[in-house]
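Q: with the input below, show me the fold.
(one chain, ligands or ions: 1)
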Amino acid sequence: MLSELTCQEVSEAVDKWQDRARQWLMDMIACESVQGNEQEVVKLAKDIWDQEIGVPAEYSEIPESIVDDPEYTHNENECPYEGRYNVVVNAGGHGQGHSIIVQSHLDVVPAGGWEEAFTPKYVDGWVWGRGATDCKGPCVMLMLAQAALEELGVKLAGRVQHQYVIEEEVGGNGALALIRQGHTAEAAVISEGTNLNVFPANRGAVWFKLRTFGKSMHMGRRIEGVNAIEKMMEALHWILEYEKVLVEESRNYPLFERYEAPVQVCIGMIHAGSWPSQIPDECTVEGGVGFLPNKNIEQVKQEVRDWINKSDDEWLKSHYELTFDKLHNDAFACDPNHPAVQYLHKAALECDIPSEIFGWNVSCDARLYAKLLNIPTMVFGPSDLAYGHSSNERIEWRQVVQGAKAMALYLARWCGTV
Ligand SMILES: [Zn+2]
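A: The predicted structure is shown next:
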């Protein structure tokens with residue numbers, strides 16, 4: 001049955017809980033949950049569900065074999081998964097209704113020299129600290145929404161599964177584990193800082209590593225050598241030519257029209273040579289390509305290679321190596337008119353949030369749900385991503401509260417009530 005719940009009722013219940021919820025956020029920020037050190041915040045999240053909200057949470061183990069998954073993202077600081085869990089909470093499911101996964105992540109990026117990063121404070125309506133925006137604020141928004149529904153005694157017909165994952169910041173391995181363990185639903189909302197806009201599409205990004213090889217020689221006999229840096233210059237010329245085409249082909253792509261440059265090539269790192277008067281025999285560049293859902297990741301990889309091969313430098317074409325071993329986030333786009341998207345947007349508007357539906361020029365865990373589960377997936381959450389990963393990370397508490405009201409209303413509408 002379609003829920004009769006009003007924004008007014010939901011607001012009162014959220015307001016009743018909001019001081020406690022702000023304390024949850026402060027306590028979560030105080031946990032330095034960088035990669036490999038998530039145990040404390042994971043336990044805290046579970047305790048909040050078990051002891052305060054009153055809906056039991058479970059730890060979900062991540063198998064070590066996840067590293068062999070083709071969608072796994074390798075990174076510099078990989079460490080064993082023993083004792084490092086995701087948290088899963090099943091709520092609702094009291095009758096016949098649509099199911100949904102709501103998800104956010106508990107891991108954060110390091111302090112980066114910010115001394116106050118894990119000393120949360122609340123000043124003039126803003127909560128400060130590492131993870132306030134990315135993504136402990138969004139986590140608390142989801143918790144607060146459910147707490148309000150419990151407060152009101154709302155029995156959701158469809159099931160809502162809350163997932164609080166780790167390793168989002170290194171590519172989404174926590175979310176991947178839950179997906180591989182068979183968790184699914186009819187739709188998914190991934191909570192990140194979208195300023196409470198609804199993003200049913202995300203840009204993709206893939207990192208590349210390009211190595212060119214030459215022939216080392218003393219400077220005085222330069223013409224007998226082959227300079228790997230010069231070969232790299234030739235290769236990069238073609239990669240930047242590719243960028244122009246990529247930009248052109250992606251212009252006015254639906255949901256991304258508002259961005260001036262949603263796709264790009266970034267030449268991020270370069271390394272070559274060891275002596276000023278020696279011709280270097282190797283040069284390495286690492287970079288990234290950002291792309292829209294008009295291309296899939298395999299296509300982008302192939303196109304980078306094809307463009308390097310457009311060079312008529314025969315040495316280069318037989319002396320380079322191009323690999324894509326690190327970040328590999330596919331782009332995705334779901335139908336913005338799907339009811340799961342529309343209901344969320346309507347709930348936000350009903351709660352007086354100036355929310356819009358468009359694509360996000362960033363990538364997060366959402367693409368895994370869209371691609372591997374093939375379900376309507378959207379990103380929605382309080383705050384602006386610009387505050388994330390910075391040394392003045394903060395979140396406007398009011399946005400968490402507003403977002404929780406919209407989310408509670410949405411869950412009642414989408415899942416139905418009994
Ligand atoms: Zn995040």
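Q: without its sequence neighbours, what residue ends up closest to residue 323?
A: Nearest residue to residue 323, sequence neighbours excluded (CB to CB, 6 or more residues apart in numbering): residue 209, at 4.9 Å. Every C-beta, even on glycine, is put in place using the N, C-alpha and C of the backbone.
Q: what number of residues lie near that neighbour?
A: 15 (other CB atoms under 10 Å).
Q: how far away is it from residue 374?
A: 30 Å (CB to CB, to the nearest Å).
Q: rewinding a little: for my notes, confirm the residue nearest to residue 323 occurs in a strand.
A: Yes. Under DSSP: H, G, I helix; E, B strand; the rest coil, residue 209 sits within a strand.
Q: bridged to it, which residues?
A: Bridge pairing for residue 209 (DSSP bridges) gives the partners residue 286, residue 323.
Q: shouldn't it be in contact with residue 327?
A: No. Contact criterion CB atoms under 8 Å: residue 209 and residue 327 do not qualify, at 11.1 Å.
Q: before we move on, the earlier item: what's the pLDDT at the residue nearest to residue 323?
A: pLDDT for residue 209: 98.
Q: so which residues on the chain come close to the ion?
A: When proximity is defined as CB under 5 Å from the ion, the chain approaches the ion at 134-135, 192.
Q: let's have those in TSV, adding distance to residue 57.
A: As requested, the residues of the chain next to the ion are exported to TSV (distance: CB to CB, whole Å):
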residue	distance to residue 57
134	22
135	17
192	21
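Q: pick out whichever of those residues sits closest to residue 91.
A: Proximity of the residues of the chain next to the ion to residue 91 (CB to CB) peaks at residue 135, which lies at 19.7 Å.
Q: residue 328 versus that closest one, what's the distance?
A: 21 Å.
Q: which residue is nearest the middle of this structure?
A: Among the residues of the chain, the one closest to the centroid is residue 364, at 1.7 Å (CA atoms, centre = their mean).
Q: that one contacts residue 171, correct?
A: No. Counting by CB under 8 Å, residue 364 stays clear of residue 171, with 10.1 Å between them.
Q: what pLDDT does the model give the nearest residue in space to residue 139 that is not next to it in sequence?
A: Nearest non-adjacent residue to residue 139, counting by CB to CB, 6+ apart: residue 104, 4.4 Å away. Residue 104 carries a pLDDT score of 98 in this model.
Q: beta partners for residue 100?
A: Here residue 100, judged by DSSP bridges, has bridge partners residue 160.
Q: isn't it up against residue 161?
A: Yes. Here residue 100 reaches residue 161: they are 7.4 Å apart, a contact under CB under 8 Å.
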